[in-house]
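1. need a structure here:
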Amino acid sequence: MRLTRVYVEAPLVQGAMLELPPDTAAHVVKVLRARSGDALVLFNGDGREFSAEIDSVRGARVSVAVGAANCVDRESPLELILLQCIPRGDRMDFILQKATELGVTRIVPILSQRSVVRLDERQAQSKSAHWRAVSISACEQCGRNRLPNVDAPQRLIDYLGHAAPDRARLVLDPAADAGGAGHESRGGVEIAIGPEGGFAPDELDALSTASFLPVRLGPRVLRTETAAIAAVTVLQTRYGDLT
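-> Residues are numbered from 1 along each chain as shown. The predicted structure follows:
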């Protein structure tokens, strides 16, 4: 039987007693119907997972006994960074969930010229917290013991203002002449995915100046959420751990 995995933002030490955060406790009790004596797996993002057992359930409060640590590495050998222009609706949740499951190392939500979504500072903070929760839930489901980094939303031009790293940089462009098969991963891969209307011409120029090479995924124009997952899958198959 598969054990329930629970993320805990706290130090984990074998033999310690730990009270689960209120939201997590409510999910464990009300949704999963867990009871005293049930086994869990805890992780806090440091690369280990801990066996645990529910010690007591008192209303919405759940205490667990932390067991032995187990170092389980389910991370891809490929450092993969996804620059994703924020789509409308809940599509970003879907992209974050699937990118986490597929082993993306870092996700950078991008606001571009053709982005439908516009965020003020308060909205950006709220979205950041929500997207982090989405990635945590995906880690609980897929077995990752390290969380992907989810950056705060930022403008494309601001992101490109930083120094170019020593890794391959790719941008999806339906008008590109070539696919991505000929590019080497070097120290990792960075892939940029445009919004619903694609990157504007001057944004493609800026990406090119920042050493992003244009690639395409076949002859069809993909939706932004399809493009993101397809691109990540191709890169993980070629350079990572999808076989």
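2. for the residue of the chain positioned farthest from its centre, give its distance to L18.
-> In the chain, counting by Cα atoms, centre = their mean, R58 sits farthest out from the average C-alpha position, at 33.5 Å. R58 sits 14 Å away from L18, going by Cβ to Cβ, to the nearest Å. No exception for glycine: its C-beta is placed from N, CA and C like everyone else's.
3. same question for E190.
-> E190 is 37 Å from L18, by Cβ to Cβ.
4. ok, now L111?
-> Shown here: L111 relative to L18, a distance of 39 Å by Cβ to Cβ.
5. which residues sit against the lowest-mean-pLDDT helix or strand in the chain?
-> Here the helix or strand of the chain ranked lowest by mean pLDDT, DSSP states H and E is helix 22-26, holding a mean of 88. Helix 22-26 has contacts (Cβ atoms under 8 Å, 6 or more residues apart in numbering) with 6-8, 19, 60-62.
6. domain boundaries for this structure, per the record?
-> Using automatic domain parsing, the domain parsing of the chain gives 4-71, 80-239.
7. now do the helices in this structure.
-> Under the criterion DSSP state H, helices of the chain are mapped to 22-26, 91-101, 121-142, 156-160, 201-209, 224-239.
8. quick one: the ones you listed as CSV, columns for distance to A168 and mean neighbour count too.
-> Listed next are the helices of the chain as CSV, based on distance: least, Cβ to Cβ, whole Å; neighbours: other Cβ atoms under 10 Å:
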stretch, distance to A168, mean neighbour count
helix 22-26, 38, 15
helix 91-101, 18, 21
helix 121-142, 23, 16
helix 156-160, 16, 16
helix 201-209, 13, 15
helix 224-239, 9, 20
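9. distance to L217 added to those, as a markdown table?
-> Converted to a markdown table, the helices of the chain look like this (distance: least, Cβ to Cβ, whole Å):
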| stretch | distance to L217 |
| --- | --- |
| helix 22-26 | 38 |
| helix 91-101 | 15 |
| helix 121-142 | 23 |
| helix 156-160 | 20 |
| helix 201-209 | 16 |
| helix 224-239 | 5 |
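10. least reliable of the ones you listed going by mean pLDDT?
-> The weakest mean pLDDT among these belongs to helix 22-26, with a mean of 88.
11. can I get that helix in CSV? Just the C-alpha atoms.
-> The C-alpha trace of helix 22-26 is given here as CSV (Å, rounded to 0.1, in the frame of the first residue of the first chain):
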residue,chain,number,x,y,z
PRO,A,22,-3.4,23.2,10.6
ASP,A,23,-4.0,23.0,6.8
THR,A,24,-2.0,19.8,6.5
ALA,A,25,-3.7,18.3,9.6
ALA,A,26,-7.2,19.1,8.2
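12. need the residue closest to the centroid of this protein.
-> T100 (3.7 Å).
13. thought that residue was touching R144?
-> Yes - if you go by Cβ atoms under 8 Å, T100 and R144 touch, sitting 6.9 Å apart.
14. hey, what's in contact with both of these two?
-> A138.
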